[in-house]
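Student: Test case, fold it:
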Amino acid sequence: MEEKLQLSPDSFEALPKANTADNEKIAAPSLTFAQDVWMRLKKNKGAVISLFVIIIMMVIAFGSTPFINNDTLVKSQPQYANLPAKIPGLDAINGFNGKIKQGGVWVDAYAQNNVPKDKAFWLGTDYLGRSLAQRIIYGTKISLIVALVATFFDLTIGVTYGIISGWKGGKVDNVMQRIIEVISSVPNLVIVVLMLVALSPGMKSIILAIAISSWTTMARMIRAETLSLKTQEYVLAARTLGESPAKIAWKHLVPNLSSIIIIQTMYTIPSAIFFEAFLSFIGIGISAPETSLGVLLNEGQKNFQFLPYQMWYPAIVLCILMIAFNLLGDGLRDAFDPKTRR
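Tutor: Numbering: from 1, shown residues only. Predicted structure coming up:
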């Protein structure tokens, strides 16, 4: 027979107060949702570096407005045409000391053109003697403006349209989604060409093309999430208490949709930047003498065989912008929803 386990009264004595206090103590600090997202984002070094790169490029692009204007960008100086990059202090590095390779020999292009010794173009000049550095900075500003415009339409039209479609449901949702399908079926390039029929090439035609078609992806994502959120208990409780749909959307839906809105915006921005650069490159976007990264790529590829730097520098800036926004978007996605991390 099994022996019965007998417990003495001493086994039921309470623990000392010092131990019970430690057992009830919560070690982790209390964090808000935003603080938790920031902590996860900081662990992603690529996203943090990309964030600082974007901030620096925006400060340089928009902070240079008082010093770079249309007169300095359009004014040609033939005596300084096709000069290579010259950065003070880098005299020992060919390609950044004002020398260019001709016939297999490095030649001082600045001395050949009788350029004053105190004058240096950090990224060289184009075929009209205009500073490439100034034109690239201004072109970056144009690309960021296009990106901000795309973001504006995403946040206004896309988010509003998606919430209304998902909230109403039924026939209203069906009609609104068919409208989105019609808009999405028309290529952006066709929309731009139609805009050129009514308007001249430039920022207006690009902005109108973005206004017509850029918000559809955001609207679809917001609509899908709204369909899920409107059946949650807190939304049903708000409807029972008599709150208006607009107040429910602002107080309950938008905060819960913030992660999708921010992440999708980060992917919209590089798409808009590339869209503008592509249109300008093929000659139906911003046209000379105005400048953008696409215009600079178009001008640089004409002399690429002999003066490759005229195309490489704007191409590098465009790549940095695209990569930085994509890496930041990936980091924000993982920070808002750790379950999506691969």
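Student: now the helices for the stretch 201-342 of the chain?
Tutor: Across the stretch 201-342 of the chain, reading from the start of the chain, the helices by DSSP state H, counting those that start in this stretch fall at 203-213, 216-229, 233-240, 245-248, 254-281, 293-302, 309-336.
Student: Can you check which of those gets nearest to residue 38?
Tutor: Residue 38 lies closest to helix 309-336 among these, at 7.6 Å (C-beta to C-beta). In this view, the C-beta of every residue, glycine as well, is placed from N, C-alpha and C.
Student: ok now that closest one, how far from the chain's centre?
Tutor: Taking the mean of its C-alpha atoms, helix 309-336 sits 8 Å from the chain's own mean (C-alpha atoms, centre = their mean, to the nearest Å).
Student: Summarise which helices and strands it is packed against.
Tutor: Helices and strands in packing contact with helix 309-336 are listed as helix 33-43, helix 45-63, helix 132-153, helix 254-281, helix 293-302; criterion 3 or more C-beta pairs under 8 Å, 6 or more residues apart in numbering; DSSP states H and E.
Student: who are the neighbours of the first one, in terms of helices and strands?
Tutor: Packed against helix 33-43, as judged by 3+ C-beta pairs under 8 Å, 6+ apart, are the following elements: helix 45-63, helix 309-336.
Student: Could you list the buried residues of that helix?
Tutor: With burial defined by 16 or more other C-beta atoms under 10 Å, the residues of helix 33-43 counted as buried are 37, 40, 41.
Student: Now do the same contact list for the last one.
Tutor: Listed by C-beta atoms under 8 Å, 6 or more residues apart in numbering, the contact set of residue 41 reads 47, 48, 331, 332, 335.
Student: same thing but at 10 Å, please
Tutor: When the contact criterion is C-beta atoms under 10 Å, 6 or more residues apart in numbering, the partners of residue 41 are 47, 48, 51, 328, 331, 332, 334, 335, 336.
Student: Thought residue 207 was touching residue 191, still the case?
Tutor: No: judged on C-beta atoms under 10 Å, residue 191 makes no contact with residue 207 at a distance of 11.6 Å.
Student: Quick one: distance of stretch 232-252 to the chain centre.
Tutor: Distance of stretch 232-252 from its chain centroid, counting by C-alpha atoms, centre = their mean, is 33 Å.
Student: any idea of the mean pLDDT in that stretch?
Tutor: In this model, stretch 232-252 has an average pLDDT of 87.
Student: For it, which outside residues touch it?
Tutor: 159-160, 163-164, 166-168, 226, 229-230, 253-254, 256-257.
Student: Buried subset of the residues you listed as a PyMOL selection?
Tutor: Typed into PyMOL, the next command selects the buried ones out of the contacts of stretch 232-252 (criterion: 16+ other C-beta under 10 Å):
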select buried, resi 159+163+164+166+167+168+226+229+230+253+257
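Student: closest to residue 216 among the contacts of stretch 232-252?
Tutor: Comparing every one of the contacts of stretch 232-252 with residue 216 (C-beta to C-beta), the shortest separation belongs to residue 159, at 12.2 Å.
Student: tell me the contacts of residue 56?
Tutor: Residue 56 makes contact with residue 324, according to C-beta under 10 Å, 6+ apart.
Student: do you know how far it is from residue 63?
Tutor: The span separating residue 56 from residue 63 equals 10 Å under the rule C-beta to C-beta, to the nearest Å.
Student: what ranges do the helices span in the stretch 51-200 of the chain?
Tutor: Assigned by DSSP H, counting those that start in this stretch, the stretch 51-200 of the chain shows helices spanning 70-74, 109-112, 132-153, 159-168, 170-185, 188-198.
Student: Residue 98 is nearest to which of the helices of the stretch 201-342 of the chain?
Tutor: Within the helices of the stretch 201-342 of the chain, the stretch nearest residue 98 is helix 309-336; the backing value is 12.1 Å (C-beta to C-beta).
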